[in-house]
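In: could you work out the structure for the sequence below:
(chains A and B)
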Amino acid sequence: MTMKWKGWALATGVLAISAMAQAAPATPAMLSNACAGCHGTNGGSAGPSMPSLAGQSKEAIVDAMKKFKSGARPATVMGRLAKAFSDDEITAMGEFFSKQKLHATNQTLDKAKIAKGASLQDSNCGRCHIEDGREGKDDTPAMASQWLPYLQIQMADYLSGKRKMPEKMKEKVDPMSKADLEALLHFYASVK
Amino acid sequence: MNMTLDRRNFIKLVGGASGLALAAGCASTAGLSGPTSGRRVVVVGGGYGGTIAAKYIRMMDSSIEVVLIERNDHFVSCPFSNLYIGGLMKDLSPLTIKYDKLTANHGVKVLQAEVTGVDAAKKVVKTSMGEVTYDRLVLSPGIDFRTEEIKGYDLATTPEVMPHAWKAGPQTVLLRKQLEAMPAGGTVVLSIPLGPFRCPPGPYERTSMIAMYLKEHKPKSKIIVLDANPDIVSKKGLFLKGWKKHYEGIIDYRPAKKVTEINVAKKTVVIEGLEDVHGDVVNLIPPQRAGMIAVAAGVVGPDKNWCPVDPTSFESTIHKGIHVIGDACIAGAMPKSGYSANSEAKACATNIVNAMNGKELVDFSGINTCYSFLSAKEAVEVTGVYKVDKAKNAIIAVPGSVGVSPDLSEVEAIYAESWLKNILTEMST
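Out: This is a model prediction of the structure:
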């Protein structure tokens, strides 16, 4: 029985799919689609406390998942979920989401804060959060169009010490006022 | 006998450009009796599983025609409906989705009709609007009730007096109305069936939300929970902690109490013929099986309740060409939850598309994430990652991936709200 015959038989429903005993390992799409119930189809989130994964770099997703896995990044569900995937699977998911278009959100934001954030971002964050946060250097996450509540939760975790800031980020964030940080979050949330 | 679909009605229902395209394609064959593209998948049931299967097949291969058959023009989510019962939601609109964007965005043809039967040999779905042929059929029918196991239960009238509220919609509204009408100092009886049932933590979240409502609005009232199971089925430690923290003296939880008989007029339930329990409000959740459509299609297994499926493709092991997803199927270690149905639908869609294109199948990888509310602001969750154990040919949990929240959490409640927003958006856009 050749594969060609099986293909025809499956396509026409003459043969039960299960007759094709050997299945290929889960593809990047199979692994990643399961995340979409919480992170949105193709990683474009509609829920204000969940980040969009669409358009993140592979490196940023791998870094986040490894930190969830090790417990270095605080989490609710993600610590347990990340542990279930191998490094190769995590890389495959990183690749999948990096190929998706950045998810533009429409949110109610403060115009004055956006303007203030815009004036602060280049000199403070722009070296790593490049292209107005649409991209990130190395494993720096993209922040453009993320939901404001998500960004606020992350910043609160950074400031409380629950989530550890990279050294370069800490140098910039430490001297900044809370109002300035809030303005930056409004700015990045507004970028499309 | 080959009744065909009323084309005008169908076009009206599917609407828009794709409806017209369908009409053009069907002009010579009258209605939906034959596939227009030569390859048609019919999906029955527009809930957590069916919407996703229909959408993802079209996303992965737009040359496959997909017809979603659903008897209602909308869907109300069971997840979060306990919050409405507890008074945390004004109406069911945050839980309600429509199907128009699945048509506009993905070209899913939506047919509002009641499925009356399936001819697996001829590959035909019989509906109140006519017959629809298929190359592959996906059933996502949810659950129905084994009411024959409760003496005195009348399918038509009992739920109007003793609501189950285990399918969201009018039943959910009725239960809340009954709670609102109950006098202070009254008793609510909640009867939980033996598992497996839809949403393992659901009855205990229901208990919490009703207790919260009683505490705030009906002083000196209580809820008696009659659980047919030997113990709390899911998230036990967290529920007990929440009940002690918030609802001491309000919840009377009684394990291993199986309701076998009811007296509807007296609003009394009977436990194994031995003990009568009366409630001013009786929330009777009967034991469950796969939705009647699965029974009619002949894909229910030897246990007479649930549908055995291949764990990679979710194809029925009884009838080839028919796939079963969601609460109705036996998905190994995966719980009967909305998120499980979402994951199963995607894997099923992937492998239907692969099979129809003569391509190799792909291993299943799925997730479950399920939140329960304990109070207005606190929630807990359970998660797991699932794959196929090839030696057992069954879905298992990836070791170490299944776990629950460490404690009651306000942050988890915030994430839960976004869970709902994302998963309903995924189903409806």
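
In: tell me who's in contact with the residue nearest to A:Gly79 when sequence neighbours are not counted.
Out: Counting by C-beta to C-beta, 6 or more residues apart in numbering or on different chains, A:Phe68 is the residue found nearest to A:Gly79 once chain neighbours are left out, at 5.2 Å. C-beta: built from backbone N, CA, C; applies to glycine. Counting by C-beta atoms under 8 Å, 6 or more residues apart in numbering or on different chains, A:Phe68 touches A:Ala75, A:Met78, A:Gly79, A:Leu81, A:Ala82.

In: now do the domain split for chain A, please.
Out: Under the assignment automatic domain parsing, the domains of chain A span A:3-98, A:111-190.

In: need phi/psi at residue 189.
Out: Just going to use chain A. Dihedral pair for A:Ala189: phi -60, psi -30, per degrees, to the nearest 10.

In: I was after chain B.
Out: B:Val189 has phi and psi values of phi -110, psi 130 when expressed as degrees, to the nearest 10.

In: in stretch B:373-387, what counts as buried?
Out: Going by neighbour count (16 or more other C-beta atoms under 10 Å in any protein chain shown), the buried part of stretch B:373-387 is B:373-375, B:378-387.

In: how far does it stretch from start to finish?
Out: 28 Å (C-alpha to C-alpha, to the nearest Å).

In: over to stretch A:101-112?
Out: Where stretch A:101-112 begins and where it ends lie 28 Å apart, using C-alpha to C-alpha.

In: just checking, what packs against the strand or helix carrying B:Ile414?
Out: In the assignment (DSSP states H and E), B:Ile414 maps to helix B:410-428. With contacts taken as 3 or more C-beta pairs under 8 Å, 6 or more residues apart in numbering or on different chains; DSSP states H and E, helix B:410-428 sits against helix A:36-39, helix A:148-160, helix B:50-60, strand B:96-97, helix B:338-356, strand B:365-373, strand B:379-389.

In: give me the distance between the residue positioned nearest the centre of chain A and chain B.
Out: What sits nearest the mean C-alpha location of chain A, by C-alpha atoms, centre = their mean, is A:Leu53, with 3.0 Å. Distance, A:Leu53 to chain B, using C-beta to the nearest C-beta, to the nearest Å: 11 Å.

In: now do the contacts for the nearest residue to that residue once chain neighbours are set aside.
Out: The shortest distance from A:Leu53 to any non-neighbouring residue, by C-beta to C-beta, 6+ apart, is to A:Gly43 (3.4 Å). A:Gly43 sits next to A:Ser32, A:Cys35, A:Ala36, A:Ser52, A:Leu53, A:Ala54, A:Gly55, A:Gln56, A:Phe97, A:Gln100, A:His103 when contact means C-beta under 8 Å, 6+ apart.

In: thought the second one was touching A:Pro51?
Out: What that stands for is A:Cys35. No: using C-beta atoms under 8 Å, A:Cys35 is not in contact with A:Pro51; the gap is 10.9 Å.

In: those two: which is more packed in?
Out: Between A:Cys35 and A:Pro51, counting by other C-beta atoms under 10 Å in any protein chain shown, A:Pro51 is the more crowded of the two (24 against 19).

In: how about the contacts made by the more buried one?
Out: A:His39, A:Ser45, A:Gln146, A:Trp147, A:Tyr150.

In: try it again with 6 Å
Out: Shown in contact with A:Pro51 (C-beta atoms under 6 Å, 6 or more residues apart in numbering or on different chains): A:Gln146, A:Tyr150.

In: how about the secondary structure of it?
Out: Judged by DSSP: H, G, I helix; E, B strand; the rest coil, the three-state class of A:Pro51 is coil.

In: tally of neighbours for B:Arg254?
Out: 12.

In: any chance of the helices and strands packed on helix B:410-428 in a markdown table, with distance to B:Pro287 and mean pLDDT too?
Out: Below are those laid out as a markdown table (distance: least, C-beta to C-beta, whole Å; pLDDT from 0 to 100):
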| stretch | distance to B:Pro287 | mean pLDDT |
| --- | --- | --- |
| helix A:36-39 | 28 | 98 |
| helix A:148-160 | 41 | 97 |
| helix B:50-60 | 24 | 98 |
| strand B:96-97 | 28 | 98 |
| helix B:338-356 | 20 | 97 |
| strand B:365-373 | 21 | 98 |
| strand B:379-389 | 22 | 97 |
